[in-house]
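Have a look at this prediction, sequence included:
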Amino acid sequence: MSSDEITLRKLEIFLVFMRERNLARAAEAMSLSSVSIHKAIHSLESAVGCPLFAHRSRSLEPLNSAFVLERHASEIIERIQRSVDDTRAAAGISPSIFRIGSLYSLTVALVPRIVNALKESVPECDIELVLGSNADLEAKLAAGDIDAALICVHELGRQRHRIVKPLFDDEIQLACRAGDAPRRPAGPIDLARYDGAPFVVLSQEFSTGRDSYRMFQTAGITPRVALRANDIFTLTSLVKGGVGHALLPGRIDDIYPGALSFTPVAEAQRVTQTLGLCYLKSRSADPRIAALEQAAIAVTA
């Protein structure tokens, strides 16, 4: 294999075709002809020394080798983009792509409003949204993989290299399927009543998962874990389906309005999350960070 047999351009064309799975659509996306797309793919097959596609009538069906190359090609393109961004940053030029991390639970209502406000302020801003747990996004922010994060900040310790802007508070409550709300006198409910009751929970890499376990410990109960979920959308769907109770922040009501019943818990057992914007102090001079901060404050005011 010579150095000019595999090029970034060929890999980009390959990735677009893998996404579209159609020569004509890939050609339209790349502003090329179908013949050019086909030639690039054939050239890439020759360069790697093995077939990537099986010919089925007039279509190309990806082989296992194509899926392996797709994974590695995506990583290569991402690493090169990151290298370019780091190089530009060292020269005092902002990265071309502005990467914003967000919790899944904020993407239903809050994030679209913030992104729209940011786009109005900085129309040329090319935004990439990165979703993950609180722990995952904290790690990505520290590593420079994202430029800013919208996360739970009530647990974040003080660090000189990081700037945290609290935006709003959200109280965690007992959630169950609508119609299954506990019969009780007016006022908050004691979680001790639910010792051994079925609960759907998140892992503790999620802030809501850690907060829930803290509330169980304060109440002195051991919940019966009916199921563990890997994201808050799945968890909400399971509660909506009656699999079990959950301890959830009030903002989750935006996902399925009216589908869940929320009940405040006793004050001594209660946890209130603080949601905020977090970014590295070294990035505070980036005008897009300032615009994002202004947009987030305006939307949550």
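Everything's here; your move.

What helices and strands are in contact with the longest helix along the chain?
Using DSSP state H to define each element, the chain has its longest helix at helix 64-90. Judged by 3 or more CB pairs under 8 Å, 6 or more residues apart in numbering; DSSP states H and E, helix 64-90 is in contact with helix 8-20, helix 34-48. C-beta: built from backbone N, CA, C; applies to glycine.

Of these, which is nearest residue 155?
When these are compared by CB to CB, helix 8-20 sits nearest residue 155, at 37.6 Å.

can you give me the angle the closest one makes with helix 34-48?
When axes from the mean of the first three to the mean of the last three CA atoms, to 10 degrees is applied, the directions of helix 8-20 and helix 34-48 differ by 110 degrees.

Going by contacts, tell me the helices and strands next to helix 8-20.
Helix 8-20 sits against helix 23-30, helix 34-48, helix 64-90, with contacts defined as 3+ CB pairs under 8 Å, 6+ apart.

can you redo these as TSV with distance to residue 111 and mean pLDDT?
Conversion of these to TSV gives the following (distance: least, CB to CB, whole Å; pLDDT from 0 to 100):
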stretch	distance to residue 111	mean pLDDT
helix 23-30	26	82
helix 34-48	34	89
helix 64-90	22	80
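
Look up how far residue 43 lies from residue 7.
Using CB to CB, to the nearest Å, residue 7 is found at 9 Å from residue 43.

Buried residues, stretch 147-167. List them.
Within stretch 147-167, the residues scored as buried using 16 or more other CB atoms under 10 Å are 147-154, 156, 162-164, 167.

Distance from it to the middle of the chain?
Offset of stretch 147-167 from its chain centre (CA atoms, centre = their mean, to the nearest Å): 17 Å.

ditto for stretch 70-80
Between the centre of stretch 70-80 and the centre of its chain there are 19 Å (CA atoms, centre = their mean).

ok, and what's touching it?
When contacts are defined by CB atoms under 8 Å, 6 or more residues apart in numbering, stretch 70-80 is touched by residues 8, 11, 12, 14, 15, 18, 62.

Can you flag the buried ones in those residues?
Buried among the contacts of stretch 70-80 (16+ other CB under 10 Å): 11, 14, 15, 18.

Format these as JSON lines; extra columns: distance to residue 86 and pLDDT.
Formatted as JSON lines, the buried ones among the contacts of stretch 70-80 follow (distance: CB to CB, whole Å; pLDDT from 0 to 100):
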{"residue": "11", "distance to residue 86": "20", "pLDDT": "89"}
{"residue": "14", "distance to residue 86": "25", "pLDDT": "89"}
{"residue": "15", "distance to residue 86": "22", "pLDDT": "87"}
{"residue": "18", "distance to residue 86": "27", "pLDDT": "86"}
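
Would you point out the most distant pair within those?
The widest separation within the buried ones among the contacts of stretch 70-80 (CB to CB) is 10.4 Å, between 11 and 18.

List the buried residues of the next helix or strand after the longest helix of the chain.
Downstream of helix 64-90, the next assigned helix or strand under DSSP states H and E is strand 97-102. Across strand 97-102, burial judged by 16+ other CB under 10 Å covers 98, 99, 100, 101, 102.

State the pair within those that is farthest apart.
Within the buried residues of strand 97-102, two members stand farthest from each other by CB to CB: 98 and 102, at 12.9 Å.

re the thing from before, how big is the angle separating the longest helix of the chain from helix 8-20?
120 degrees.

domains of this structure?
Domain segmentation of the chain under automatic domain parsing yields 8-90, 97-167+274-300, 170-272.

Average pLDDT for the longest one, rounded please.
Put plainly, it is domain 170-272. In this model, domain 170-272 has a mean pLDDT of 88.

Quick check: end-to-end length of that domain?
Domain 170-272 has an end-to-end distance of 6 Å (CA to CA, to the nearest Å).

same deal with the first one?
Its start and end residues considered, domain 8-90 measures 23 Å (CA to CA).

Could you do stretch 83-100 as well?
Note: stretch 83-100 ends 18 Å apart using CA to CA.

Also stretch 14-31?
Terminal residues of stretch 14-31 are spaced 14 Å apart (CA to CA).

In it, which residues are buried?
For stretch 14-31, by 16+ other CB under 10 Å, it's 14, 15, 16, 17, 18, 20, 23, 26, 27, 30.

Dump those to JSON lines, plus distance to residue 36.
Shown next, in JSON lines, are the buried residues of stretch 14-31 (distance: CB to CB, whole Å):
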{"residue": "14", "distance to residue 36": "13"}
{"residue": "15", "distance to residue 36": "15"}
{"residue": "16", "distance to residue 36": "12"}
{"residue": "17", "distance to residue 36": "11"}
{"residue": "18", "distance to residue 36": "16"}
{"residue": "20", "distance to residue 36": "14"}
{"residue": "23", "distance to residue 36": "10"}
{"residue": "26", "distance to residue 36": "10"}
{"residue": "27", "distance to residue 36": "7"}
{"residue": "30", "distance to residue 36": "8"}
